[in-house]
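Enquirer: sequence plus the predicted model coming up.
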Amino acid sequence: MTSRLRERRSRLALWSSRFALVSIPILIIVAIGHRTGSIDANAAYGAMALAFSLAALAVVAALVAFEAIWRDGRKGFGAALVGMVLGIAVLVIPAIGAWKIIHYPPLVDVSTD
């Protein structure tokens, strides 16, 4: 009986894709729940912060996984790429909001006639 060498896989690549894939349903559930009124604003903001944190963690884990894949020749490039792309796609939402806050003028003259 012959034995085969076990290929080394990057665990961070797998976790990166998992974190990114979990953040998307959290945002969808929060958006639907807040829109229907079943989730109040404070809980929605907390859940959104959790989802954005998971997406940022997915991007960081993918970067570290890419480094391990490059250095050691490990498997898992596809999983790391999925985590990176989905994590960046989720993080576009707060990035657009931050861009609007920076570039649009603040409202200082409000009339309530």
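Expert: Cool, the structure landed. Numbers count the residues shown, from 1 in each chain.
Enquirer: contacts for stretch 67-78, please.
Expert: 7, 8, 9, 10, 11, 12, 13, 14, 65, 66, 80 (Cβ atoms under 8 Å, 6 or more residues apart in numbering). Heads up, the C-betas are built off the backbone N, CA and C, glycines and all.
Enquirer: now stretch 20-29
Expert: Contacts with stretch 20-29, where a contact means Cβ under 8 Å, 6+ apart, come from 47-48, 50-52, 54-55, 58, 82-87, 90, 93.
Enquirer: still on that earlier bit, and the contacts of stretch 67-78, which are buried?
Expert: With neighbours counted using 16 or more other Cβ atoms under 10 Å, these contain these buried positions: 10, 12, 13, 14, 65, 66, 80.
Enquirer: may I ask you to name the longest helix in the chain?
Expert: Taking residue count as the measure and DSSP state H as the definition, the longest helix of the chain comes out as helix 41-72.
Enquirer: buried ones in that helix?
Expert: Residues 44, 47-48, 51-52, 54-62, 64-66, 68-69 are the ones in helix 41-72 that count as buried (16+ other Cβ under 10 Å).
Enquirer: mean confidence score for it?
Expert: The predicted model assigns helix 41-72 a mean pLDDT of 95.
Enquirer: tell me, what residue is most central in this structure?
Expert: The centre of the chain sits closest to residue 55, judged by Cα atoms, centre = their mean, with a distance of 1.5 Å.
Enquirer: how much space between that one and residue 45?
Expert: The gap separating residue 55 from residue 45 is 16 Å, by Cβ to Cβ, to the nearest Å.
Enquirer: can I get stretch 80-90 as CSV, trimmed to CA atoms?
Expert: Included here for stretch 80-90 are C-alpha records, laid out as CSV according to Å, rounded to 0.1, in the frame of the first residue of the first chain:
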residue,chain,number,x,y,z
ALA,A,80,-9.0,33.3,-0.2
LEU,A,81,-10.0,35.1,-3.4
VAL,A,82,-13.7,34.5,-2.7
GLY,A,83,-13.2,35.9,0.8
MET,A,84,-11.4,38.9,-0.5
VAL,A,85,-13.9,39.7,-3.2
LEU,A,86,-17.0,39.3,-1.1
GLY,A,87,-15.4,41.1,1.8
ILE,A,88,-14.6,44.1,-0.3
ALA,A,89,-18.0,44.0,-1.9
VAL,A,90,-19.6,44.2,1.5
